[in-house]
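> 3D model of this:
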Amino acid sequence: MEYTPDALRRRPDIEAADLPATDAADRLILDESASAREACPSGGLVVIGDAYGALTLGAAATGARGIRVHQDALTGERALAANAALFGLSDSFASLECAPELVARARVVLLRLPRSLDALADLAGLIAAHADPDVVVFAGGRIKHMTVAMNDVLRARFHTLDISHARQKSRVLVARGPHDGQDPQPRRATHDGLVVCAYGEAFAGTSIDIGTRLLLENLPDAIDAGAPAIDLACGTGVVGAWLARRHPRLRVHATDQSAAAVASARATAEANGLSDRITVVRDDGLALVPDASATFIALNPPFHLGGAIHEGIAPRLFADAARVLGPGGELWAVWNSALFYRPVLERLVGPTRQIARNAKFTVTASEKR
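Just a heads-up that it's a prediction; the model follows:
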């Protein structure tokens with residue numbers, strides 16, 4: 001099948017008419033980088049932050065090979081693989097971790113700008129440290145998500161920065177002349193004796209968001225230590241670390257689909273001396289966990305899909321938790337009260353009781369029957 005961006009799919013991520021797999025920023029990045037990509041040798045092209053494959057496969061469709069790709073979301077990585085198979089382009093790229101090997105000697109980098117300035121700083125430092133001195137970075141996004149501060153972050157690592165004309169509410173920043181590169185290091189903060197570590201892409205950074213705080217304040221005093229407690233959608237690993245500190249015999253299985261979250265949670269476990277009892281896995285929900293194998297799951301569900309707010313994420317996680325819980329096991333969740341998740345929890349998991357509530361958030365416990 002010949003490649004066409006209109007045929008791209010988001011699967012296994014949520015698909016809906018108002019959730020496209022590509023947008024105008026992808027098209028502008030490809031257009032602005034066309035001449036640079038044409039002159040780029042095989043293996044010299046790197047793509048970072050490609051949502052579902054539009055950048056990678058757009059470049060591959062014009063002849064690029066040996067493309068190195070990093071996507072923070074596991075669902076995005078799997079969508080790229082599925083889309084590539086559809087178009088017969090699976091051999092054109094390799095998915096890699098966000099590490100020096102990703103950008104080593106890179107000549108052209110296509111980058112979807114992350115929302116977080118810390119995430120952009122991490123990527124800019126990594127590219128400047130390991131890419132070819134003549135590397136050109138095409139960093140683009142939707143104008144509504146871009147700020148002038150992004151220019152300053154890139155200028156801190158590159159000598160020149162050009163700004164494209166706006167098109168279809170999108171823009172591209174073109175950076176050249178890397179200098180003063182630095183590998184990303186997790187940021188650290190301490191909250192009530194708990195050290196929280198976070199790489200730039202991780203949600204909430206080193207802070208503890210107010211929903212998670214309410215959940216921590218109300219988790220049960222006793223948890224069965226016969227099976228690992230699960231920190232689902234673990235983020236920086238705050239809940240898992242808190243559980244392991246409070247219950248010295250408890251083992252914790254923490255999971256998130258974000259590569260940055262997994263790296264952050266591992267750093268948080270290590271910083272608190274808990275690495276021997278906390279296992280952190282990059283997973284799409286609990287796909288790697290057997291049915292009816294858990295007795296306790298804690299969850300603060302995300303509600304963003306990239307730049308879009310979508311209420312379909314949490315029910316998928318609730319259903320996954322229900323599959324993994326054995327009879328009598330419990331899912332303890334915190335959620336924005338305006339989302340009215342209690343009937344969904346009753347239907348997907350089982351009888352649900354309210355544990356706590358404040359002006360914005362609700363904590364519930366749902367028992368698997």
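> does the spatially closest residue to residue 154 that is not a sequence neighbour sit in a helix, a strand or a coil?
Leaving aside its chain neighbours, residue 154 sits nearest to residue 175 (4.8 Å; criterion: Cβ to Cβ, 6 or more residues apart in numbering). Every C-beta, even on glycine, is put in place using the N, C-alpha and C of the backbone. Secondary structure assignment for residue 175 (DSSP: H, G, I helix; E, B strand; the rest coil): strand.
> Against residue 21, how distant is the residue nearest in space to the middle of the chain?
For the chain, the residue nearest the mean C-alpha position is residue 258 (3.1 Å; Cα atoms, centre = their mean). Applying Cβ to Cβ, to the nearest Å, the value for residue 258 to residue 21 is 19 Å.
> so what's the residue nearest to the centre of the chain up against?
Residues in contact with residue 258 (Cβ atoms under 8 Å, 6 or more residues apart in numbering) are 72, 73, 74, 201, 202, 203, 235, 282.
> Show the model's pLDDT score for the third one.
According to the prediction, residue 74 has pLDDT 97.
> which ones are touching it?
By Cβ under 8 Å, 6+ apart, residue 74 lies in contact with 257, 258, 259, 282, 283, 284.
> Most neighbours among these, please name it.
Highest neighbour count within the contacts of residue 74: residue 258, with 24 neighbours (other Cβ atoms under 10 Å).
> sorry, back to before: inside helices: which ones of the contacts of residue 74?
Counting by DSSP state H, the part of those found in helices is residue 259.
> The contacts of residue 258 in strands, which ones?
Those of those mapping onto strands are residue 282, per DSSP state E.
> Rebuild the contacts of residue 258 as a markdown table, extending it with distance to residue 63.
Formatted as a markdown table, those follow (distance: Cβ to Cβ, whole Å):
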| residue | distance to residue 63 |
| --- | --- |
| 72 | 27 |
| 73 | 27 |
| 74 | 28 |
| 201 | 30 |
| 202 | 36 |
| 203 | 37 |
| 235 | 39 |
| 282 | 31 |
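> Just give me the closest of the contacts of residue 258 to residue 270.
residue 202 (15.0 Å; Cβ to Cβ).
> and the residue lying closest to that closest one once chain neighbours are set aside, what is it in contact with?
Using Cβ to Cβ, 6+ apart and skipping the chain neighbours, the partner closest in space to residue 202 is residue 264 (4.3 Å). Residues in contact with residue 264 (Cβ under 8 Å, 6+ apart) are 186, 197, 198, 199, 202, 235, 236, 237.
> name the element residue 264 belongs to?
Counting by DSSP states H and E, the element that carries residue 264 is helix 259-271.
> before we move on, the earlier item: scan the contacts of residue 258 and report the most crowded one.
residue 202 (30 neighbours).
> tell me the phi and psi of that one?
Dihedral pair for residue 202: phi -70, psi 140, per degrees, to the nearest 10.
> Report pLDDT for it.
95.
> Next, the contact list for it, please.
By Cβ under 8 Å, 6+ apart, residue 202 lies in contact with 235, 236, 258, 260, 261, 263, 264.
> For it, give its distance to residue 175.
Note on residue 202: its distance to residue 175, by Cβ to Cβ, is 24 Å.
> ok, now residue 295?
Distance, residue 295 to residue 175, using Cβ to Cβ: 50 Å.
> Which one of these two is surrounded by more residues?
More crowded of residue 295 and residue 175, by other Cβ under 10 Å: residue 175, with 25 against 21.
> For that one, list each beta-bridge partner.
Bridge pairing for residue 175 (DSSP bridges) gives the partners residue 137, residue 161.
> contacting residues around it?
Residue 175 neighbours (Cβ under 8 Å, 6+ apart): 124, 136, 137, 139, 154, 157, 158, 160, 161.
> now do residue 65
Taking Cβ under 8 Å, 6+ apart, one finds 42, 43, 91, 92 in contact with residue 65.
> and what of residue 201?
Contacts of residue 201 (Cβ under 8 Å, 6+ apart): 72, 114, 116, 118, 119, 122, 258, 259, 260, 261.
> Return the distance of residue 38 relative to residue 59.
If you go by Cβ to Cβ, the gap between residue 38 and residue 59 works out to 10 Å.
> Now list whatever residues contact both of those two.
With Cβ under 8 Å, 6+ apart, residue 38 and residue 59 have no common neighbours.
> More neighbours: the two, which one.
Set side by side, residue 38 and residue 59 show more neighbours around residue 59, with 27 against 11, by other Cβ under 10 Å.
> re the thing from before, and the residue nearest to residue 202, what's its pLDDT?
At residue 264, pLDDT is 98.
> Please report the distance of it from residue 35.
Counting by Cβ to Cβ, the gap from residue 264 to residue 35 is 38 Å.
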